[in-house]
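A.B. asks: Requesting a structural model of the entry that follows:
(chains A and B, ligands or ions: 1)
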Amino acid sequence: MFDVAIIGAGVVGAMVARELAKYQLKIILLEKKNDVAMGASRANSGIVHAGYDCAPGSLKARLNVEGAAMMEEVCKTLGVKFKRNGSLVIGFDEEDRKGIEKLMEKGKANGVEVQFLDQTGVRALEPNIGGNVTCALYAPTGGIVCPYDLTIAALGNAMDNGAELQRNFPVSAIEKIDGGYRISSENGEVKARFVVNCAGLYSDEIAKMVGDDSISVHPRKGEYILLDKECGGLVSNTIFRTPSKMGKGILVSPTVDGNLLLGPTSVDKEDKEDKDTTEGGFAEILSKAKEYVENLHAGKAITSFCGLRAVGNTGDFVITSRSPGFVNAAGIESPGLSASPAIAKYIAEMLKEQGLELVENPAHIATRVSSHHFRDASLEEKNAMIRENPAYGRIICRCEGVTEGEILDAIRRNPGATDLDGVKRRTRAQMGRCQGGFCMPYVTELLAKELGIAYEDVTKCGGESLINVEKTKGGMAQ
Amino acid sequence: MRDLVIIGGGPAGMSAAIAAYEQGVRDILILERDESLGGILQQCIHNGFGLHKFGEELTGPEYAWKYEQKVRELNIETKCNTMVLDITEDKVITATNAQEGIFQLQAKAIILAMGCRERSKGALNIAGSRPAGIFSAGTAQKFVNMKGYLPGKNVVILGSGDIGLIMARRMTLEGAKVHAVCELMPYSGGLARNIEQCLNDFNIPLKLSHTVVQIHGKERLEGVTIAQVDENRRPIDATREFIPCDTLLLSVGLIPENELSKAAKVDLSPITNGAVVDQDRQTSIPGVFACGNVLHVHDLVDFVSEEAEIAGKAAAAYIKGNTGKKVEIPVKTDGKVRYTVPQVITVKKDITLYFRVGSVYKNVRVNVTAGDKVILSRKRPKVAPGEMESVTIKAELLENVESLTVSLEVL
Ligand SMILES: Cc1cc2nc3c(=O)[nH]c(=O)nc-3n(C[C@H](O)[C@H](O)[C@H](O)COP(=O)(O)OP(=O)(O)OC[C@H]3O[C@@H](n4cnc5c(N)ncnc54)[C@H](O)[C@@H]3O)c2cc1C
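C.D. replies: The predicted model follows:
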């Protein structure tokens, strides 16, 4: 029997695991996909929101402000890139100005540092913002982070401290048993004294499995376009339009990796699996982004993708417990990423109140070596590492300059990559300009060798997502 | 300090090295990121290389092997599995490999011969999901020809670039069914002979003015929706058609790989995406030369070798202190001719101008004018974007010339 089972390996599940792994607990994380960070935590804006726009007094506001304050330190310990690049909410007319003034008030009520900028102020900060901008809210504490890097690192740290990860475990039934719960899936069952439901879009369905009908979650689609690193310097702050009812609108932001991100759209949907990008989405993102950032070129797009927001039924985060020892983290829409370290603490506290004993683990390791440790090293350090392990001298992904050594690390370290997308998210191999055109065959080979599987059994992202279907007739395959 | 460092060990890099050697340069180093020399030719196991150069039909590896042998014979130093990370304006090269780690070299002259890469799907922004089964044609070629695996059995190809056409045939021979090749433009960007031998001979339909508008499938590709496009290249809704398939290959253009040239601050042409060069293939930085697909995308390797020889010879002259630059005659184009290589002439000698046109034209005259005087005029029955053209201008025609324009006159 595990002490705690966490369902869902998104950023919330991962942060909860990291938090609980500080204590002497037997923890297991159950994830239905072949890898972690496959839901909302994979495809989002990656903004650490300063906290100026949540309704004052809400759980969202509280956890956002707390989480954002913790984020820099959390990232530092986990070796995750974080940048406090600042956020700008810009306005073009009288109505926007009113909106911005309202936001200023909210920000102040939430205890967030906000400044009002006039046109000159905005243009001084961001020369590429359209000339017809009139004013802006400036939140210097806003930041950016890579959401899947954060998720992978948090879970990796939990696993380094003994937490287990069970992939391909789609929870289909939960039964109350003596002293805990039995959690079942097509791939077996797990028993645990406490359960934390972090299943994102499916958290309502997981809650229903223990008879809790109070939650409903629906998907709201957000499409993005990612531009080449050449465009990464067009703006340095994250640029938002004055918000509307459907969210924060199309933003333009640098990413921690130096690309430029445009998006997201905002369309309510029913299908929780529909991550299709659409022709309308591209057009909307580009036309809106171009309205306020100059020199944007669609031709510099290197990829586009879509994320699904898990919109709850209360307008606030739904962190509840209706069944003893069973905690829901549902409706964790934006700013869930920003809030995630605080959500984890909040949940640990709830579990403690319900009887989970939190005894510190004296052997706990707080830090994790960054996924970018080689890339970020100095020339001398790199050369020392190459001497020790020549695989660091062999470049596999040309566009992003990723070495064989880094790819092997990604496969070997917690939580190890087991498919091509997993390697991509951990190392950036296949994520550059050519999108894997050159290195995919090499990465496939490394995966096959390391995992001890056949070349043709390597997948893009688990399941049926095979890359090759058979050997050729000539049979030159080794 | 090295005399000549060549970045890239494909046909361009090897030809340039040999040419420089033959001019007396001995201190030559070829840096290649792949595990062996030959560049993209290694995976082009079909015929059709060397017709111009050797008068025989060779496969890609055979053509490359001829040059590799020569490089070995001449004892030209090569480092494979070595990736160049940076080049500076002052010709300092930073590279890395497993044996030496990250190291720096100062060169007297550099020849850029990094080749090109395929345009990726992202640049196209096709709507739909992101399943496995979408590859650039070159990646599929690598899987099939180098690794011995078939990436799919039911194939649609988007784009009619040469690699796509070649792969249509290759996948068919391996037992896959190629349902269609969709080309956005009303004409193909591939060689006429490839359309004949790779599509027509196998009854594979080439759908001109068609594109893929939607990708379907959750884990592995399940199909694509294609549509015809109007004259503004916008899909026509009424023509949308679903084709079930497990593989989509993209052959939508090649882009010269000039990240290093950018780092060195070499002037690039927005049209070729390669360096701006003179007749010696010297870039805006004296002593830095460029040749092959990194300069502009060629359709035939024979012309790559020829161009590389020019660069190799000129680099040798530069190393010996002969910088050669005397005049500055810009070569301009009209709208119909998209670009020329070279873009500038600095020495008045016999010069061959290579160029590409922007669309298909029948029955034309290629005119080279200086001021308002036509100094050269050549008839062509047909010109197309997929086939590189050239005209040779004799030195005597360049006397008193200050600038040149290459244009097309449709008869
Ligand atoms: C378009 C978009 C933009 C956003 N932008 C930002 C932003 O800029 N800043 C910010 O702070 N927040 C942002 N967010 C919000 C943020 O991404 C989310 O709040 C956060 O990622 C939620 O994490 P999670 O772990 O709750 O959910 P997810 O990451 O969705 O994780 C849920 C996990 O549960 C698994 N699962 C589901 N069902 C089962 C089952 N039956 N059995 C086992 N496992 C299961 C899933 O596979 C998944 O891995 C954005 C969200 C979206 C969609």
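A.B. asks: longest helix in the chain, by residue count?
C.D. replies: Picking chain A for this. helix A:59-78 (DSSP state H).
A.B. asks: looking at chain B here, not the other one
C.D. replies: helix B:301-319.
A.B. asks: Check the offset of that helix from the chain's centre.
C.D. replies: Here the centre of helix B:301-319 is set off from its chain's centre by 16 Å, with CA atoms, centre = their mean, to the nearest Å.
A.B. asks: Give the other helices and strands that that helix contacts.
C.D. replies: strand B:2-7, helix B:11-22, helix B:51-54, helix B:60-73, strand B:101-112, strand B:288-290 (3 or more CB pairs under 8 Å, 6 or more residues apart in numbering or on different chains; DSSP states H and E). (C-beta placed from N, C-alpha, C; glycine too.)
A.B. asks: Can you dump the C-alpha atoms of the third one in PDB for me?
C.D. replies: The reference is to helix B:51-54. Extracted in PDB, the C-alpha atoms of helix B:51-54 (Å, rounded to 0.1, in the frame of the first residue of the first chain):
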ATOM      1  CA  LEU B  51      26.000  12.900 -66.600                       C
ATOM      2  CA  HIS B  52      27.500  16.400 -67.200                       C
ATOM      3  CA  LYS B  53      30.700  15.900 -65.300                       C
ATOM      4  CA  PHE B  54      31.700  12.300 -66.200                       C
END
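A.B. asks: ok, residues contacting it?
C.D. replies: B:57, B:63, B:66, B:300-303, B:305-306 (CB atoms under 8 Å, 6 or more residues apart in numbering or on different chains).
A.B. asks: Report the two of those separated the most.
C.D. replies: B:Glu57 and B:Glu306 (17.8 Å; CB to CB).
A.B. asks: all strands for the stretch 51-200 of chain B, in order.
C.D. replies: B:77-79, B:83-87, B:92-97, B:101-112, B:116-118, B:127-128, B:134-136, B:149-150, B:154-158, B:177-183 (DSSP state E, counting those that start in this stretch).
A.B. asks: And chain A, is the first one touching that?
C.D. replies: No - using CB under 8 Å from any CB of the partner chain, strand B:77-79 never reaches chain A; the gap is at least 11.6 Å.
A.B. asks: any idea of the pLDDT on the spatially most central residue of chain B?
C.D. replies: Among the residues of chain B, the one closest to the centroid is B:Val297, at 2.4 Å (CA atoms, centre = their mean). Model confidence at B:Val297, given as pLDDT, is 93.
A.B. asks: Leaving out the residues flanking it, which one is nearest to the closest residue to the ligand within the stretch 51-200 of chain A?
C.D. replies: In the stretch 51-200 of chain A, the residue that lies nearest the ligand is A:Gly200 (2.6 Å; CB to the nearest ligand atom). The spatially closest residue to A:Gly200, leaving aside those adjacent along the chain, is A:Gly39, at 4.4 Å (CB to CB, 6 or more residues apart in numbering or on different chains).
A.B. asks: and that neighbour, what is it in contact with?
C.D. replies: For A:Gly39, counting by CB under 8 Å, 6+ apart, the contacting residues are A:8, A:10, A:33, A:200-201, A:308, A:310.
A.B. asks: run the last query once more with 10 Å
C.D. replies: A:8-13, A:31-33, A:151, A:198-202, A:272, A:275, A:307-308, A:310 (CB atoms under 10 Å, 6 or more residues apart in numbering or on different chains).
A.B. asks: same question, B:Gly164
C.D. replies: By CB under 10 Å, 6+ apart, the neighbours of B:Gly164 are B:118, B:136-138, B:140-141, B:157-158, B:178, B:181-183, B:188-190, B:194, B:198-199, B:249-252.
A.B. asks: ok, now B:Thr283?
C.D. replies: B:110-112, B:261, B:264-268, B:274-277, B:289-290, B:295, B:311.
A.B. asks: ok, now with 7 Å
C.D. replies: B:266-267, B:275-277, B:289-290 (CB atoms under 7 Å, 6 or more residues apart in numbering or on different chains).
A.B. asks: quick one on the thing from earlier: the residue nearest to the centre of chain B sits in which helix or strand?
C.D. replies: With secondary structure defined by DSSP states H and E, B:Val297 is part of neither a helix nor a strand.
A.B. asks: Report the spatially nearest residue to it, omitting neighbours in sequence.
C.D. replies: B:Leu254 (4.6 Å).
A.B. asks: just to revisit the earlier point, sitting in strands, which of the contacts of A:Gly39 do you find?
C.D. replies: Of those, the ones assigned to strands by DSSP state E are A:307-308, A:310.
A.B. asks: Show me which of these is closest to the ligand.
C.D. replies: A:Gly307 (3.6 Å).
A.B. asks: I'd say the closest one and A:Asn44 touch.
C.D. replies: Yes - counting by CB atoms under 7 Å, A:Gly307 does reach A:Asn44; the two are 5.0 Å apart.
A.B. asks: Cool, thanks, signing off.
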